[in-house]
Structures are given as structure tokens and as C-alpha cells.
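1. can you look at this prediction? I've put the sequence above it.
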Amino acid sequence: MSQPKNKPHSLLYAQRKKIDEYKFNVRLSEQGTVVSVGDGIIWIKGLPSASIDEILYLEDGSRAMVFQLEEDLVGASLLIQTENLTAGTIVLHSHSSLHIPVGDELLGRVLDPLGYPLDGLEQPRCKDQSKIDILSPPIIDRDFVTRPFYTGNKILDNLIPIGKGQRELLIGDNGLGKSSLALDIVINQKDKNVRCVYVLIGQKRSSVMNTIQLLKEAHALDFTAIVVAEAASLPGLKYLAPYSGCTIAESWMKAGQDTLVVYDDLTSHASSYRELSLLMRRPPGREAYPADIFYLHARLFERSTQLSSEKGGGSMTALPIIETKEGEIATYIPTNVISITDGQIFFDEKLFSDGFLPAIDISKSVSRVGGKAQHPAIKKEAGKMKLDYLQFLELEVFTRFGAKIEASMQKRIQKGRILREVFKQDRLSPLPIELQMAWLVAYNDNLLNEISLDNIPNLLKKLEEGTQTSHLTLSSPRTEWQRAVKSWLRSIGLDVYDKTLPT
């Protein structure tokens, strides 16, 4: 019985044709050899066609990224290091740069900068991958920052407003509450259709675990991905961490989503880059940082923007954190980042010691987008509040010397003290924007003038309860807000009958 002939379009026919036409040729490939290993870097002899940022594979299972090119040697930062890595290990090209998985599958996950899970779960099954370091969107693809980004903080939402697509710096000494405010802002994005990425760089494992636990207890992991390069990580991983977080957020932005990325903190990131650069024998500059340290952060922040409607209308809001020493903001890295970002929120040690939390120094904090990204109702109510508060701080200085003050000035000082008490806010307790509107109306209508400072927390709690059960929104007429606020204040026994509030 004769065998059936293979059909021209069958798989068997294609395999047979491939075998018949196969020709033996010489295959050329480059191969390098490790000549030294130490401090998270390797020097390689060979690989003359290696390129910057190319991924290299080592025969022991380690992985590295090209960081420095010299005449006879290639310097690479290790991304994965095994115990078997020694001098003499063979190194091979990958002919590609680093790509990481992106997509909704990363929500609720804890990852390293290479995209590998750190939470004990299986590898995320992402459909897409993205290059970790790409060019920022061109100016023609961008739009103006006009939509408000609500942080849940009374000072920021009213005096230093942030817009979607803005880059706002959190800066101050260690231990003053920068990370706590960033966590508050992430938690406040619940039910706001904002996807978050929290990048932890160079922190102790206990701090990392505490951050993850806080986000989990607040049910914020449902819309958050966490990228971790802890203190014991390789310098190369700490260098890549912010770019990995940015890449994850950028994929959602290009899909038309609003995103938030927190870099906690970029002082550790700059130190890791300085360490790698010095180990690679790059010439040091100011404070021993390499000359391209400004470009290191500039190309990261430029990827945060508001895209135009033609490109989906997505946004990426960035909150970088920078640590200062003794409140000095004129050092190299702080001044670099201040000049790149769209404003800064400065944390002051004296305010922290005095119990004013969050310890935000309103006089040194600024948002360069400001009222352009603020709801018209909030903008109108908070219009001169920052200026009035700063004037109050200057007037209060005179009271410390026992100077006699006119009655009108005394009223302004008392009103400023009430405002300062209102601005205080507990950690991990973001507040809805409707509550902000309620207390602004009460304050501007002089309904709080006679209340004691100790009763401010109870009053704010009652206003919050009222807004939670009310149908009022920021677009509601002010007269409706006035009536509602009057009703809520009466319920706690505050006499508002003789005030300017309409009945």
C-alpha cells in the first residue's frame, strides 16, 4: 500500500522542505569573559559590539546590564547574581535592552524592578511587555494640566492644589511624614479610578513590610502595584527601580487611565547611581555625583504628563520624595529636583516638633499649576486663604513679645489660629473633597470665630458625617452648602442663628 503524498500546504510538507533546503554554514557570535567581580558590578573582556543598557547573560545564570564602555573592557551592573559567579565566567550578548511586564495583572502585586514577584505568588501573566527606558511623549501629544488631583489633605487640596499630570516634590528631613503623606494620597484614590504605583528604593525590609501592610489594611492594593528595591538589593536594581515603576504607570496612561506614581525616595536612587558611577571609574563632579545626574531624574519626570484626547487623555501624576539634611534645600540633588518638578511641598522640623501635622511649611511650599487645576468652587472659597494665613504667622510673632495689639488685629490672629487648627490632620486619614468645601464655607462665613480650638476636631467630624449623608456636590449652589453647614453646626449646639448664613 503506497503512502499518501504530503500536501503542499501541510505542516509535514513544510518541515520536509526546510530539512531538504538546510545548509551548513559558519555561525559567528561574540563571547566575553568576566575578569573581575565585586560590589555589584563586573568587568568583562571581549564583547566589542556591546552597547549601553544592553542586557548580558552569564553562563552561571547571572544577568547584568552594560553600564560603561572602555577601550578594552565592558563595565556592567549586576541585576541577578548567583553564588557561582567568578572571574572567568562566560558572558553572552542578548542584543536587547531591558523589558518588563505591564498591565492590569500587576495590580495588588509586589515586584522587583525586573518584574519578578516578591510576594510569594506566581509570576504575573501579563500579555504585554514594555521597554523600561523610553523617550517621554513629545509636546504635540500633551495637553494642559487642568483636572484636579485630590489628595485628601486639607492643606494641599485648598492651598497647594495638584493637577492630574503634575510632578509635585515632597521634600524635607527624615522622619517628618513625607512617606505618610504619600500613603495618604494613595489611599485617597480609592473609588476615583486612579491606578497607583508605589516605588520603594533603598529602604529597610521592615519599612517595606510596614508600607505594604498599611496599603493592604486600607484596601489600597486593589488599585496599586508596588515596586521594591530594598536596602540590601544590588545597586543596579536600586538604579532601575523608579524607571520600572514609571514604565508600569506609563502603560496605563497610554491606555487612557489616570495614574499616580510615588518615588520613595530619589535621594537613595541618586546615591545608588553615584555608587555605580564611582565603581565604574566615571569622573566625579559636585558632591561626587557624575555629571549626568540631572539628566538621570529629568528624563524620568518628563514621562509624567497629561496626554491629549487624541492620545487617549490619560495622565501620570508623579510624587518624588527627596530627603534633606538639617532642612537644607540648597544642596545638589534637592535643587536639581526642585528645578525639574512643578512645585514642592516642604516639611519643617520645627512644625513637626510643635505638633502641627502634617508638618507642611506653607510659606515654602508651592504648586506651579495651582488654581488652574482646582475646581472653581474650591478655588473661590480658598482664594486668599494662603496669603491671609501667612500674614497671620507674621502678626503672631508680635504676640510673643507682649506687645499691645488692636482689637481688629486680635480678631485676625484668633481666626488664623482657628485655621491652623483646622489644617491639622491625623496620619492615614485622607478626607473627601466635599468635607473641604463644608469647612471652607463655615470658615469664610465666620461661623467658627467663637469656637474654642479644642472643639475644632469634633466640629470637623460632624461636618464629615454630614457630607457623607448629603447629596451636595462641589457643583451645588453655595446657598445650599450654607444651609447644610448651618444645620450640621446646630446639631452640635453651635449658635449660628445670628450669623450671615441664610435661613
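-> Arrived safely.

2. give me the below-cutoff pLDDT ranges for this structure.
-> For the chain, the stretches flagged by pLDDT under 70 are 1-9, 402-403, 494-503.

3. where does the residue nearest the centre of it land in three-state SS?
-> For the chain, residue 262 is the residue whose C-alpha lies nearest the centre (C-alpha atoms, centre = their mean; 1.5 Å). Secondary structure, DSSP: H, G, I helix; E, B strand; the rest coil: residue 262 is strand.

4. ditto for residue 457
-> Relying on three-state DSSP, one would call residue 457 helix.

5. ok, longest helix in the chain?
-> helix 235-254 (DSSP state H).

6. got the CA coordinates for it in PDB?
-> In PDB, the C-alpha atoms belonging to helix 235-254 read as follows (Å, rounded to 0.1, in the frame of the first residue of the first chain):
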ATOM      1  CA  PRO A 235      22.900  48.900  43.200                       C
ATOM      2  CA  GLY A 236      21.800  48.100  39.700                       C
ATOM      3  CA  LEU A 237      18.300  47.200  40.900                       C
ATOM      4  CA  LYS A 238      18.000  50.400  43.000                       C
ATOM      5  CA  TYR A 239      19.100  52.400  40.000                       C
ATOM      6  CA  LEU A 240      16.400  50.800  37.800                       C
ATOM      7  CA  ALA A 241      13.500  50.800  40.300                       C
ATOM      8  CA  PRO A 242      12.000  54.200  39.500                       C
ATOM      9  CA  TYR A 243      12.100  53.500  35.800                       C
ATOM     10  CA  SER A 244      10.300  50.200  36.300                       C
ATOM     11  CA  GLY A 245       7.600  51.900  38.300                       C
ATOM     12  CA  CYS A 246       7.300  54.700  35.700                       C
ATOM     13  CA  THR A 247       7.000  52.100  32.900                       C
ATOM     14  CA  ILE A 248       4.200  50.300  34.600                       C
ATOM     15  CA  ALA A 249       2.300  53.600  35.200                       C
ATOM     16  CA  GLU A 250       3.000  54.800  31.700                       C
ATOM     17  CA  SER A 251       1.400  51.700  30.200                       C
ATOM     18  CA  TRP A 252      -1.900  52.600  31.900                       C
ATOM     19  CA  MET A 253      -1.500  56.200  31.000                       C
ATOM     20  CA  LYS A 254      -1.200  55.300  27.300                       C
END
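
7. now that helix: buried residues?
-> 235-254 (16 or more other C-beta atoms under 10 Å). Where you see a C-beta, it was placed from the backbone N, CA and C, and this is true even at glycine.

8. go on, stretch 429-442?
-> Those would be 430, 431, 433, 434, 435, 436, 437, 438, 439, 440, 441, 442, for stretch 429-442 by 16+ other C-beta under 10 Å.

9. swap in stretch 134-149?
-> 136, 137, 142, 143, 145, 147, 148, 149.

10. now render the residues you listed as a markdown table, adding secondary structure and distance to residue 489.
-> A markdown table is the format used below for the buried residues of stretch 134-149 (DSSP: H, G, I helix; E, B strand; the rest coil; distance: C-beta to C-beta, whole Å):
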| residue | secondary structure | distance to residue 489 |
| --- | --- | --- |
| 136 | coil | 49 |
| 137 | coil | 48 |
| 142 | strand | 45 |
| 143 | coil | 41 |
| 145 | coil | 36 |
| 147 | coil | 32 |
| 148 | strand | 27 |
| 149 | strand | 30 |
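
11. let's have those residues in TSV, adding distance to residue 292.
-> Listed next are the buried residues of stretch 134-149 as TSV, based on distance: C-beta to C-beta, whole Å:
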residue	distance to residue 292
136	16
137	22
142	25
143	30
145	28
147	34
148	35
149	30
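
12. among those, which two are most distant?
-> 136 and 148 (23.3 Å; C-beta to C-beta).

13. returning to that earlier point: sort out for me which of the buried residues of stretch 429-442 are in helices.
-> Using DSSP H, the buried residues of stretch 429-442 in helices are 433, 434, 435, 436, 437, 438, 439, 440, 441, 442.

14. quick one, what contacts the last one?
-> Going by C-beta atoms under 8 Å, 6 or more residues apart in numbering, residue 442 touches 448, 459, 463, 485, 489.

15. nearest to residue 85, of the residues you listed?
-> Nearest member of these to residue 85, counting by C-beta to C-beta, is residue 463, at 61.1 Å.
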